[in-house]
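Enquirer: Structure of the sequence below:
(one chain, ligands or ions: 1)
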Amino acid sequence: MIIEVEQDGIVGYGEASMPPYIGENQATAEAFLAKVDLSGADAFQLEGLLDGIDRLDSGNNAAKAAVDIALHDWLGKKMGIPWHRIWGLDPQTAPPSSMTIGIDTAENIRARVREAAGFPVLKVKLGTDRDREIVRTIREVTDVPLRVDINQGWKVKEYALEMAEWLAADGVELIEQPMAKELLDDHAWLTERSPIPIVADESVIRLGDIRRVQGAFTGINVKLMKCAGMREAYRMILLAHALGMKVMLGCMTETSCGISAAAQLAPMADWVDLDGALLIANDPFRGATVRGGKITLPEGPGIGVERNSS
Ligand code: MG
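Expert: All right, here's what the predicted structure looks like:
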C-alpha cells in the first residue's frame, strides 16, 4: 500500500509492505489509516504525532510505518534535506546489501545465484530438512560469503550448534533466527558457543523487545515494517549498539519507496539486506539503488523518491 500526505503543496510518500505472515493486509491497513487524522497537524511535532498514532491501536506496525515514512518524507522535503543528512550520516559508509536466495529446487537455486552475480554477499533461506544440500548447491555456483536465515526452522539447540559449525566452515558469516522466537535460553546457549553471529529477526519486533533478547543474540534485524517506521528504527539501532549488539537492516518486499526510507539508515547498520525493490517488477518509484549490492542513497530531500511515470 502506498500512501501520501500533503500540506503546503508538498507530498510525502509512505508505504506499508505486508507479506501474509505479518498478519496485516490492505483491509486492516485501510481500517487503521481511517482512524489517523492528520488534518491541521504540525508535522514538525513528529514525536507527539507518531506517539498518538501508535496509541490508536496495538499492532498494525506496517500501516503505522506507512504514516511514519510519509511524515518523514514530507518533513525532509519541507526542509530540503535527505534524512541521512539530517541524521548526520555519510552515505558512502553504507555496507553492501545482500541478495536473497529463497528455498527452491536445486535447478532454480543455481539460476537465482547466477542472477545475483556481482552481489558480494548472499542471504540464503534455510530451515528445511535439506539445508546442507542447499548450501552445497549454492557452492557449485559461487564462493561469496553467505548469510543464512533459518526462519525459526531448527528445533534443537545441539543441532543448531552442529549446523553453525558446519556452516561457518563453509563461508557462512551469520545465522538469522535459527530457532522458535520464544526460545531465548536456547538462543543464548547457541550464541555463547557459535563461531558466527546469531541474529534475531522474529524474536525482536520493536524497541521494547531489545532489552529482553540482550545476551540471547549477537544482533538484531531491524525492519521498518516490523517496528512502525523510521523513527523507531533509528532508536532501535542506537539502543542495540549501546547494548553491544550488532544490527542488520532488513526489509519485506517494499518498492523503492520503503527501501529508500530504510536506506537512509543504512550507514548506521553493520549488515544490510535491502533487496526488496529488486524482487518486484512494477516499482512505482525511483530512489535508492542497490546495484550489485552497492547502496546508492538518493540525494533528493526526505526519503528521496520520485514517482515513475506509468
Ligand atoms: Mg528473517
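Enquirer: got the residues of the stretch 101-250 of the chain near the ion?
Expert: 149, 176, 201 (Cβ under 5 Å from the ion). Where C-beta positions appear, they are placed from N, C-alpha and C, glycine not excepted.
Enquirer: Give me the spatial nearest neighbour of the second one, chain neighbours excluded.
Expert: Using Cβ to Cβ, 6 or more residues apart in numbering and skipping residues adjacent in sequence, the residue nearest residue 176 is residue 149, 4.1 Å away.
Enquirer: most neighbours, which of the residues of the stretch 101-250 of the chain next to the ion?
Expert: Greatest neighbour count in those, by other Cβ atoms under 10 Å, goes to residue 176: 29 neighbours.
Enquirer: Who does that residue form a beta bridge with?
Expert: For residue 176, the beta-bridge partners are residue 149, residue 199 (DSSP bridges).
Enquirer: Just list the residues touching it, thanks.
Expert: 123, 147, 148, 149, 150, 151, 199, 200, 201, 221, 248 (Cβ atoms under 8 Å, 6 or more residues apart in numbering).
Enquirer: any idea how far the fourth one is from residue 67?
Expert: Distance check for residue 149 against residue 67: by Cβ to Cβ, to the nearest Å, it reads 28 Å.
Enquirer: what about residue 185, which SS state?
Expert: Using DSSP: H, G, I helix; E, B strand; the rest coil, the structure places residue 185 in helix.
Enquirer: contacting residues for it?
Expert: Counting by Cβ under 8 Å, 6+ apart, residue 185 touches residue 216.
Enquirer: what ranges of the stretch 1-150 of the chain fall below the confidence cut-off?
Expert: Judged against pLDDT under 70, the stretch 1-150 of the chain has no low-scoring part.
Enquirer: And residue 89, how far from residue 266?
Expert: Distance from residue 89 to residue 266, by Cβ to Cβ: 8 Å.
Enquirer: So between the two, which is more surrounded?
Expert: Higher neighbour count among residue 89 and residue 266: residue 266, with 23 against 18, using other Cβ under 10 Å.
Enquirer: neighbours of the residue nearest to that one when sequence neighbours are not counted, just the number please.
Expert: In space, residue 266 comes closest to residue 94 once its chain neighbours are excluded; the distance is 3.7 Å by Cβ to Cβ, 6+ apart. Using other Cβ under 10 Å, residue 94 is surrounded by 25 other residues.
Enquirer: Please give me every residue in contact with whichever residue of the stretch 1-150 of the chain sits closest to the ion.
Expert: The stretch 1-150 of the chain approaches the ion most closely through residue 149 (4.4 Å), counting by Cβ to the ion. Neighbouring residues of residue 149 by Cβ under 8 Å, 6+ apart: 100, 123, 124, 125, 126, 127, 175, 176, 177, 201.
Enquirer: For the first one, name its beta-bridge partners.
Expert: Listed by DSSP bridges, the beta-bridge partners for residue 100 are residue 123.
Enquirer: That one and residue 274 touch, don't they?
Expert: No - using Cβ atoms under 8 Å as the test, residue 100 is too far from residue 274 to be in contact (10.4 Å).
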